[in-house]
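Peer 1: Sequence plus predicted model, see below.
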Amino acid sequence: MTYSDPRVLAHDVTKRVLYHGAFADIALGSALSTSSLSGSDRRLATELVYGTTRRLLTVDWALDWLLKKPVAKASPDLATSLRLGAYQILYLDRVPAYAAVDRAAGIVREKSGSREAGVVNAVLRKLAREGPRALPPWDDPGHRLAIEHSHPEWLVRDLLSRFGVEETSRMLAANNSPPPLEVWVNTLKSDRDTVAWLLETDGFGVSPAKFAGQGLVIEAEGRPLERTSAFTNGLIYIMDEAAMLVAPALGPGPGSAVLDACAAPGGKTAALAAAMGNQGHIVAKDISAARVAMIRQNCERLGVTIVETVVGDAREPGGQDEPAFDYVLVDAPCSGLGVLRRRPDLRWRKSLGQIAELRSLQISILHGAASELKPGGALLYSTCSIHPDENQSIIESFLKEDPRFRPSGLKGRIPADLEHDERGGTLQLYTHLHGTDGFYMARMTREF
């Protein structure tokens, strides 16, 4: 379907995300790629999808007192129209309330008929006129913060147990802030100053990343960065600044043999190749054939020629008689709790039970990949999570279970102004403190 109305596109994508399990970034990207929307309409559609998904719990709190039954129990089209309209009324000052109400009612009329359009019209007009009901009282801070910042209550209570009310509130607010668009500059083909000049020539705002020397922050103004010559010619790769720190933290040089155990979609693989000057050998492994194809495509665009892609389970060694690698990267599958500002739909898909299940997978992958590292080699474990059960606890267990490994310091491998545990060889980044995705890394060496 080719969309010409940003609100219709937003309605259809949001419904797919909330009712059919679609991932917001993939569904939105697919819809926008075939649309005829202008830059401003693309920005509006993106804001509506991500904003409504991000603020879902708060929006539902505002709607439920105006309805005879909770909005979550309404039909998908009715609930989606109510939520999109309420989001615009509550959060988008530049959108007149009457426009949000009329268009939301019009869309649901086209999809479900006049009766549901009447409900949308009446409820949203009352919301615009009277505003939302008061937030819950502070006698239960877990419930209050969950509604105020639109996060699942289990996650809020977990954060409260570790950080307290003030810090948790800051963390939740940061998850609701717009994420920056950042790119890693491919030093195999260019340098940061040249790429910045090229993007500025194309009309983009550009500034240096805060921590990563090969990173740029881009102001895209709704225009697709993928259509620039810098992107198509392989000069850049879209990547959060935290992820850019992985290659220098591991530290392979030219001629190294490297295993990237969970490599898809290949951004960190390419950064490792650039750190090696495209000299040596990288085995990039992933369990999904489709995702391995993505690694190959990205390496081809970026001009990386030293990567061998392998479809395989990182928990299972590659079959060599002796360990074959000087460096191993385990960028483990995780909950993604560190990327909730970038992937707002993830907050509604996760649970503490899933984190417990992931823990078993993560430590199995770590042991499997570590068995392929030569004595004297370096191993880096990383996640885009802020939960200790996926991070510090994994490393503590691994080091107890495999006495061949010891923590390895990060001094000189990451920026000096990043506070980290030098003795433990670990770094934990938080969105509210560092402005990056939430991210964890631990560097270890094999002694024998």
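Peer 2: Received the coordinates, thanks.
Peer 1: tell me the secondary structure for Leu379?
Peer 2: strand (DSSP: H, G, I helix; E, B strand; the rest coil).
Peer 1: can you pull the contacts of the residue lying closest to Leu56 once chain neighbours are set aside?
Peer 2: The shortest distance from Leu56 to any non-neighbouring residue, by CB to CB, 6 or more residues apart in numbering, is to Ser150 (6.0 Å). For glycine as for every other residue, the C-beta is placed from the backbone atoms N, C-alpha and C. Residues in contact with Ser150 (CB atoms under 8 Å, 6 or more residues apart in numbering) are Arg54, Arg55, Leu56, Leu57, Thr58, Val59, Asn176.
Peer 1: Could you pull up phi and psi at the residue nearest to the spatial centre of the chain?
Peer 2: In the chain, the centroid-proximal residue (CA atoms, centre = their mean) is Val339; its distance is 3.8 Å. Dihedral angles of Val339 (phi, psi; degrees, to the nearest 10) stand at phi -120, psi 30.
Peer 1: right, and it touches Thr383 too?
Peer 2: No: here Val339 lies out of contact with Thr383, judged by CB atoms under 8 Å, at a distance of 10.3 Å.
Peer 1: which residue ranges form the strands in the stretch 1-150 of the chain?
Peer 2: Assigned by DSSP state E, counting those that start in this stretch, the stretch 1-150 of the chain shows no strands.
Peer 1: Below-threshold pLDDT in it: ranges please.
Peer 2: The model of the stretch 1-150 of the chain has no residue with pLDDT under 70.
Peer 1: Helices of that one, start to end?
Peer 2: 6-20, 24-33, 39-54, 56-64, 76-91, 97-112, 114-130, 141-149 (DSSP state H, counting those that start in this stretch).
Peer 1: one step back: between the contacts of Ser150, which is nearest Arg94?
Peer 2: Of all the contacts of Ser150, Arg94 sits closest to Arg55, with 16.3 Å by CB to CB.
Peer 1: and the closest one, how many neighbours does it have?
Peer 2: 21 (other CB atoms under 10 Å).
Peer 1: Run through who's touching the helix or strand hosting Ala290.
Peer 2: Assigned by DSSP states H and E, Ala290 falls within helix 289-302. By CB under 8 Å, 6+ apart, the surrounding residues in contact with helix 289-302 are 186, 188-189, 232, 234, 237, 263-267, 269-270, 273, 284-286, 305, 307, 309-311.
Peer 1: Determine how far it lies from the middle of the whole chain.
Peer 2: Distance of helix 289-302 from its chain centroid, counting by CA atoms, centre = their mean, to the nearest Å, is 19 Å.
Peer 1: Which residues outside the next helix-or-strand element following that helix are in contact with it?
Peer 2: Later in the chain than helix 289-302, the nearest helix or strand by DSSP H and E is strand 307-311. The contact list for strand 307-311 (CB under 8 Å, 6+ apart) reads 263, 266, 269, 273, 281-289, 292, 295-296, 299, 318.
Peer 1: Read off the pLDDT value for Glu422.
Peer 2: For Glu422, the pLDDT comes out at 93.
Peer 1: now the closest residue to it other than its chain neighbours: how far from Asp421?
Peer 2: Excluding its sequence neighbours, the residue lying closest to Glu422 (CB to CB, 6+ apart) is Gly409, at 4.9 Å. Gly409 sits 9 Å away from Asp421, taking CB to CB, to the nearest Å as the criterion.
Peer 1: any shared contact partners between the two?
Peer 2: Joint contacts of Gly409 and Asp421 (CB under 8 Å, 6+ apart) do not exist.
Peer 1: Specify the residue ranges that define each domain of this protein.
Peer 2: Residue ranges for the domains of the chain, per automatic domain parsing: 6-130, 141-175, 181-238, 241-446.
Peer 1: The third one: end-to-end distance?
Peer 2: It stands for domain 181-238. 8 Å (CA to CA, to the nearest Å).
Peer 1: Look up phi and psi at Thr445.
Peer 2: According to degrees, to the nearest 10, Thr445 has phi -120, psi 150.
Peer 1: So which residues of the stretch 251-400 of the chain form helices?
Peer 2: All helices of the stretch 251-400 of the chain, identified by DSSP H, counting those that start in this stretch, fall at 267-275, 289-302, 352-370, 392-401.
Peer 1: Mean neighbour count, the ones you listed: which tops it?
Peer 2: Most buried of these by mean neighbour count (mean count of other CB atoms under 10 Å) is helix 267-275; its value is a mean of 26.
Peer 1: For the residue nearest to Leu56, give its distance to Ala86.
Peer 2: Separation of Ser150 from Ala86 (CB to CB): 12 Å.
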